[in-house]
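K.L.:
3D, please:
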Amino acid sequence: MDLSYKFLMELTQPRALIFAFVFVGALTWLCYQFSDKITRGRVHGSAVAIIVGLILAFVGGMLTHGKRGIADVPLFAGFALMGGAMLRDFCIISTAYGVRMEELKKAGIAGVLSLVVGTFVAFVVGVVIAYAFGYRGTVDLTTIGAGAVTFIVGPVTGSAIGASSDIIALSIAAGVVKSIAVMILTPLLAKPFGLTNPAAAMVYGGLMGTTSGTAAGLAATDARLVPYGALTATFYTGFGCLVCPSVCYIVMRMIFG
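P.N.:
Below you'll find the predicted structure:
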């Protein structure tokens with residue numbers, strides 16, 4: 001066993017990022033197979049993959065007592081770069097390249113309004129839930145509310161206004177729960193919500209945000225809608241990063257002191 005592990009380390013360490021991509025590709029394939037064969041498509045493969053990823057991150061943290069999840073295990077060190085902000089943002093931005101401008105214009109004012117309404121409604125819901133669980137500090141409430149916007153907006157806001165690491169972690173958890181919920185519920189709600197065309201997908205992306213959840217949910221509904229929903233969902237994240245640490249925080253200070 002020791003010799004096998006040593007050989008594997010010698011093989012993968014110089015190619016840590018490549019090994020991370022291979023591992024994630026294989027894991028994603030297995031998760032999609034699980035989705036198709038076991039859940040019969042009711043739970044999208046992306047949702048299964050995220051749950052498995054969270055479990056692996058937890059196990060990695062428990063084994064190493066580190067702060068980077070599975071990346072703290074030497075064999076999986078490549079995940080630190082693969083899961084970093086650079087490649088994450090590249091993936092998010094790349095989804096917009098499939099958008100046709102004539103379809104983008106059809107969303108019009110509805111797309112802009114959905115962006116604003118979706119951001120502030122998610123923030124208020126997050127604050128209300130946090131308050132119900134006993135949080136009273138302005139910084140804590142604002143950070144958790146921002147996490148309900150997306151799991152990216154939460155830590156950005158928390159870092160900007162001086163939230164503790166525990167609260168920032170909680171904001172990320174809130175965003176991940178929202179993302180998984182959107183993944184699972186989107187295919188079920190597509191027909192009742194009229195989610196059948198690019199304009200509707202853009203409005204939906206603006207209301208829901210969470211690029212990963214929206215993209216996966218739309219992929220399970222109609223893959224042709226993914227670029228449109230992901231486009232406004234990406235703007236949603238950027239908009240949230242702008243207003244949550246500024247406008248929302250100021251309003252929260254006026255209310256809670």
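K.L.:
Which helix in the chain has the most residues?
P.N.:
Criterion DSSP state H: the longest helix present in the chain is helix 101-132.
K.L.:
Give me the helices and strands touching that helix, please.
P.N.:
Contacts defined by 3 or more C-beta pairs under 8 Å, 6 or more residues apart in numbering; DSSP states H and E place helix 101-132 against helix 138-149, helix 165-189, helix 198-208, helix 226-243. The way it works is simple: take the backbone N, C-alpha and C, and place the C-beta from them, glycine included.
K.L.:
next one: phi and psi at residue 210?
P.N.:
With angles defined as degrees, to the nearest 10, residue 210 sits at phi 30, psi 80.
K.L.:
count of neighbours near it?
P.N.:
29 (other C-beta atoms under 10 Å).
K.L.:
residue contacts, the closest residue to it other than its chain neighbours?
P.N.:
In this structure, residue 210 finds its nearest non-sequential neighbour in residue 179, 4.4 Å apart by C-beta to C-beta, 6 or more residues apart in numbering. By C-beta atoms under 8 Å, 6 or more residues apart in numbering, the contact set of residue 179 is 50, 150-151, 210, 212-213.
K.L.:
mind putting the residues you listed in a markdown table, pLDDT and distance to residue 119 included?
P.N.:
Shown next, in a markdown table, are the contacts of residue 179 (pLDDT from 0 to 100; distance: C-beta to C-beta, whole Å):
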| residue | pLDDT | distance to residue 119 |
| --- | --- | --- |
| 50 | 76 | 22 |
| 150 | 86 | 9 |
| 151 | 83 | 14 |
| 210 | 81 | 11 |
| 212 | 77 | 17 |
| 213 | 81 | 15 |
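K.L.:
quick one: which two of those are the most distant?
P.N.:
Using C-beta to C-beta, the contacts of residue 179 reach their maximum pairwise distance at 50 and 150, which is 13.7 Å.
K.L.:
Would you mind listing where the stretch 1-150 of the chain has pLDDT under the threshold?
P.N.:
Low-confidence segments of the stretch 1-150 of the chain, defined by pLDDT under 70: 1-3, 5, 7, 84-86, 88-107.
K.L.:
repeat that with 90
P.N.:
Within the stretch 1-150 of the chain, the segments meeting pLDDT under 90 span 1-25, 28, 31-32, 34-116, 118, 134, 136, 150.
K.L.:
So if I had to pick from residue 50 and residue 150, which one is more boxed in?
P.N.:
A count of neighbours by other C-beta under 10 Å puts residue 150 above the other of residue 50 and residue 150, at 31 against 19.
K.L.:
quick one: that one and residue 238, what's the gap?
P.N.:
For residue 150, the distance to residue 238 equals 10 Å [C-beta to C-beta, to the nearest Å].
K.L.:
Likewise for residue 165?
P.N.:
24 Å.
K.L.:
do the same with residue 210
P.N.:
On the measure of C-beta to C-beta, residue 210 and residue 238 end up 13 Å apart.
K.L.:
okay, the residue nearest to residue 221 when sequence neighbours are not counted: pLDDT?
P.N.:
Closest residue in space to residue 221, ignoring its immediate chain neighbours: residue 190 at 4.4 Å, by C-beta to C-beta, 6+ apart. The pLDDT attached to residue 190 in the predicted structure is 80.
K.L.:
Would you mind confirming that residue 190 is in contact with residue 200?
P.N.:
No. Counting by C-beta atoms under 8 Å, residue 190 does not reach residue 200; the two are 9.1 Å apart.
K.L.:
Which element, helix or strand, includes the closest residue to residue 74 other than its chain neighbours?
P.N.:
Excluding the flanking residues, the one nearest residue 74 by C-beta to C-beta, 6+ apart is residue 9, at 6.6 Å. Using DSSP states H and E, residue 9 falls within helix 2-12.
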